[in-house]
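[1] how would this look folded up:
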Amino acid sequence: MPSFPGEPSETVFLPIEDSLDLHAFHPGDMSSLIPEYLHLCREKGILQVRLIHGKGKGVLRQRVHAILSRLEWVREFCLADRIGGDWGATIVILRPPGR
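    Coordinates of the predicted model:
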């Protein structure tokens, strides 16, 4: 994971689960973070993932959706329902590995 200027480089280990809150990460890291995380989810057999990007002005949501639209192993994605975070989260359905 990239480090911020002036900060020591540290490896951050995340538990691979069916939900990832993107608020803890630098927006510039999304283009590598999201594909890597979803790849690891697929390897673990997690084929539905919730990405929490927040509601705000929608800039991060747009960036997340642009990244997802370029990944061939993303079967589909949509905004979460009211219980799952509404328009502050995106549900991603992944293709199983080997497809």
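
[2] what about the helices in this protein?
    Secondary structure of the chain (DSSP state H): helices at 30-43, 59-69.

[3] most centrally placed residue in the protein?
    residue 34 (4.1 Å; Cα atoms, centre = their mean).

[4] coming back round to it: got the helices of the chain as JSON lines, with distance to residue 91 and mean pLDDT columns?
    Quick note: C-beta positions are derived from backbone N, CA and C, even for glycine. Converted to JSON lines, the helices of the chain look like this (distance: least, Cβ to Cβ, whole Å; pLDDT from 0 to 100):
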{"stretch": "helix 30-43", "distance to residue 91": "12", "mean pLDDT": "96"}
{"stretch": "helix 59-69", "distance to residue 91": "10", "mean pLDDT": "95"}
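
[5] so which of the ones you listed comes closest to residue 83?
    The minimum distance between residue 83 and the helices of the chain falls on helix 59-69, with 18.1 Å, by Cβ to Cβ.

[6] what does the closest one contact?
    Applying Cβ atoms under 8 Å, 6 or more residues apart in numbering, the contact partners of helix 59-69 are 22, 27, 30-31, 34-35, 51, 53-54, 74, 77, 87, 90, 92.

[7] narrow those residues to those in strands?
    51, 74, 77, 90, 92 (DSSP state E).

[8] in contact with the second one, which residues?
    Right, residue 74. By Cβ under 8 Å, 6+ apart, the neighbours of residue 74 are 38, 68, 92, 93, 94, 95.

[9] now tabulate those residues in a markdown table and tack on neighbour count.
    Shown next, in a markdown table, are the contacts of residue 74 (neighbours: other Cβ atoms under 10 Å):
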| residue | neighbour count |
| --- | --- |
| 38 | 23 |
| 68 | 17 |
| 92 | 24 |
| 93 | 12 |
| 94 | 21 |
| 95 | 14 |
